[in-house]
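1. return atomic coordinates for the entry below.
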Amino acid sequence: MESIKTAISIDKSLFAQANALARRLKVSRSRLFVMALEDFIRQQENRKLLEEVNEVYADEPGETERALLRKMRNSTGRLIEGQW
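-> Below you'll find the predicted structure:
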């Protein structure tokens with residue numbers, strides 16, 4: 001994988017926390033930032049997917065779907081009651 005160097009500006013206290021965490025995890029500070037960015041991107045992708053799924057399921061069924069559901073309930077009821 002090709003790497004690209006970049007410079008970022010962060011708060012001094014956040015930098016100190018990142019250094020401490022990198023030491024504790026025994027990874028370089030650069031690797032820590034990569035891990036954090038990968039995790040953030042994955043969270044955003046998951047959030048977007050969840051929003052899309054919720055949007056699909058937020059729709060109320062249309063008249064055709066409601067009619068099919070009624071027929072299915074009636075058929076299931078007759079099947080359970082042994083009328084078939």
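2. what about the protein, any weak spots by pLDDT?
-> 83-84 (pLDDT under 70).
3. and the residue nearest the centre of the protein?
-> Centroid check for the chain by C-alpha atoms, centre = their mean gives Asn46 as the closest residue, at 1.8 Å.
4. quick one: that residue and Gly77, what's the gap?
-> 40 Å (C-beta to C-beta, to the nearest Å). C-beta: built from backbone N, CA, C; applies to glycine.
5. tell me where the protein has helices.
-> Under the criterion DSSP state H, helices of the chain are mapped to 12-25, 29-58, 63-81.
6. what's the closest of those helices to Lys5?
-> Across the helices of the chain, Lys5 has its closest neighbour in helix 29-58 (9.0 Å, C-beta to C-beta).
7. distance between that closest one and the chain's centre?
-> 6 Å (C-alpha atoms, centre = their mean, to the nearest Å).
8. pull out the buried residues from that helix.
-> Within helix 29-58, the residues that count as buried by 16 or more other C-beta atoms under 10 Å are 32-33.
9. helices or strands next to it in the packing?
-> When contacts are defined as 3 or more C-beta pairs under 8 Å, 6 or more residues apart in numbering; DSSP states H and E, helix 29-58 packs onto helix 12-25.
10. elements contacting the helix it packs on?
-> helix 29-58.
11. what's the angle between the helix it packs on and helix 12-25?
-> Between the axes of helix 29-58 and helix 12-25, defined by axes from the mean of the first three to the mean of the last three C-alpha atoms, to 10 degrees, the angle is 100 degrees.
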